[in-house]
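Chemist: I'd like to go over a predicted model; first the sequence, then the structure.
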2 protein chains.
Amino acid sequence: MESKRDILNNLLVVLFNNILTIEEKALKTGDFKNLTISELHVIEAVGLEKAPNMTRIANRLGVTVGTLTIAVNNLVRKGYVQRVRDENDRRVVKIGLTDTGEAAYRHHEAFHDDMIEFVIRTLSDGETGVLVEALSKITLYFEEKYGEGIQ
Amino acid sequence: MESKRDILNNLLVVLFNNILTIEEKALKTGDFKNLTISELHVIEAVGLEKAPNMTRIANRLGVTVGTLTIAVNNLVRKGYVQRVRDENDRRVVKIGLTDTGEAAYRHHEAFHDDMIEFVIRTLSDGETGVLVEALSKITLYFEEKYGEGIQ
DNA sequence: AAAAATACTTTGATAATCAAAGTATTGGGC
DNA sequence: GCCCAATACTTTGATTATCAAAGTATTTTT
């Protein structure tokens, strides 16, 4: 008999290990086959704020600004984002989504919405509450134990 | 007020997006700083079975066998795994953990055990049941919707 | 006005990844 | 028993992701 521990561990391992693959698969079902999962996460970070600068995005994603520069170069080339020099402080580069970028952002958002919608539809109110509670605790646990890996 | 939907979405995004970073951070606290997170996942896959072959591991990890060959080359060089030709079918290469590999496997296992231990300690029996139920449903949902991305 | 700090880009290196081509071995059909 | 197809793996060539460190431009501090 598999213990509750083992079951829980397996679930978390499978979910965590496969979520990126799944996200990528979902992405490739849309009109955005030329986006990688990393690039999508840049688009996600840009879409969540209005015109964030490079440092802000890099921190959010947990990568260096140099790494982000390269990703943004490619996204500009592919037509998903734009660079805009800040006129107040000309060192700063703000990143915005193009119309195509907006569309990609919404396509990915729909992936999340569907997932959440499914969970809420499937579980009772009480169960959803417990799930939120449990995930909050796990997040908090990671935060305390491993610090700024998580924002 | 943030809706239950938004809270749940944020939790899942934060957990999913950061789990690899966190796992890597946990890894680097041990004696295995020269392992990357991908290499660790190979070690994990090898440790879960007795001497799996290349194809088996590659399928489990969702990468091509070519990709795995390179990872195994590096892991052999670093002394974590061994290649053993199958004497019954000499096309087959079975992969096993060295003693160092075993140690790395157990160190990573401890990371999982701690996490699970925390969850079980923190939640009531009923709550843990709901969590398992909810995660099972999410996994199933992904499986149905996106097929073999998940095993 | 010089020096230090900040924001970003570039460079050089390594790792992860795939598809496709190549090598070795096995199994099936005749 | 021999050939051909299939299988298991490795190699190759290309792309992407990543970092640290060096470089450039601009702003802030002294």
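Modeler: Structure received.

Chemist: can you pull out the strands in chain A?
Modeler: A:81-85, A:93-97 (DSSP state E).

Chemist: pairing partners for the first one, with directions?
Modeler: Same thing as strand A:81-85. strand A:93-97 (antiparallel) (DSSP bridges).

Chemist: list the buried residues of the strand it pairs with.
Modeler: The neighbour-count check on strand A:93-97 (16 or more other C-beta atoms under 10 Å in any protein chain shown) flags A:Val93, A:Lys94, A:Ile95, A:Leu97 as buried. All C-beta atoms are positioned from the backbone trio N, CA, C, and that covers glycine.

Chemist: does that strand reach DNA strand C?
Modeler: Yes. Using C-beta under 7 Å from any atom of the strand, strand A:93-97 reaches DNA strand C at A:Val93, A:Lys94.

Chemist: how much space separates the most centrally placed residue in chain A from DNA strand D?
Modeler: Centroid-nearest residue in chain A: A:His41, 4.8 Å away (criterion: C-alpha atoms, centre = their mean). A:His41 is 8 Å from DNA strand D, where distance means C-beta to the nearest atom of the strand, to the nearest Å.

Chemist: may I see the buried residues of stretch A:9-28?
Modeler: A:9-12, A:14-27.

Chemist: narrow those to those in helices?
Modeler: Judged by DSSP state H, helices contain the following of the buried residues of stretch A:9-28: A:9-12, A:14-27.

Chemist: returning to what we had before: need the buried residues of strand A:93-97 in TSV (columns: distance to B:Asn88).
Modeler: Formatted as TSV, the buried residues of strand A:93-97 follow (distance: C-beta to C-beta, whole Å):
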residue	distance to B:Asn88
A:Val93	60
A:Lys94	62
A:Ile95	57
A:Leu97	57
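
Chemist: of those, closest to B:Tyr105?
Modeler: The closest of the buried residues of strand A:93-97 to B:Tyr105 turns out to be A:Ile95 (C-beta to C-beta; 41.1 Å).

Chemist: show the pLDDT at the closest one.
Modeler: A:Ile95 is assigned a predicted lDDT (pLDDT) of 98.

Chemist: hang on, isn't it packed against A:Arg83?
Modeler: Yes. Between A:Ile95 and A:Arg83 there is a contact under C-beta atoms under 8 Å: 6.4 Å.

Chemist: overlap in contacts, the two.
Modeler: Shared contacts of A:Ile95 and A:Arg83 (C-beta atoms under 8 Å, 6 or more residues apart in numbering or on different chains): A:Val72.

Chemist: which bits of chain A sit near DNA strand D?
Modeler: A:36-39, A:62-64, A:66-67, A:70-71, A:74, A:88-91.

Chemist: the bottom helix or strand of chain A by mean pLDDT?
Modeler: helix A:4-28 (a mean of 80; mean pLDDT, DSSP states H and E).

Chemist: if I look at A:Val72, how far off is A:Leu135?
Modeler: 31 Å (C-beta to C-beta, to the nearest Å).

Chemist: how much space separates whatever residue of chain A ends up closest to DNA strand C from B:Asp31?
Modeler: Closest to DNA strand C within chain A is A:Gly66: 2.8 Å, counting by C-beta to the nearest atom of the strand. Look at A:Gly66 and B:Asp31: by C-beta to C-beta, they are 30 Å apart.

Chemist: repeat that for A:Ile95.
Modeler: 40 Å.

Chemist: how about A:Lys33?
Modeler: In terms of C-beta to C-beta, A:Lys33 sits 42 Å off from B:Asp31.

Chemist: also A:Gly62?
Modeler: 24 Å.

Chemist: more neighbours: those two, which one.
Modeler: Counted by other C-beta atoms under 10 Å in any protein chain shown, A:Gly62 and B:Asp31 do not tie: A:Gly62 has more neighbours, with 16 against 10.
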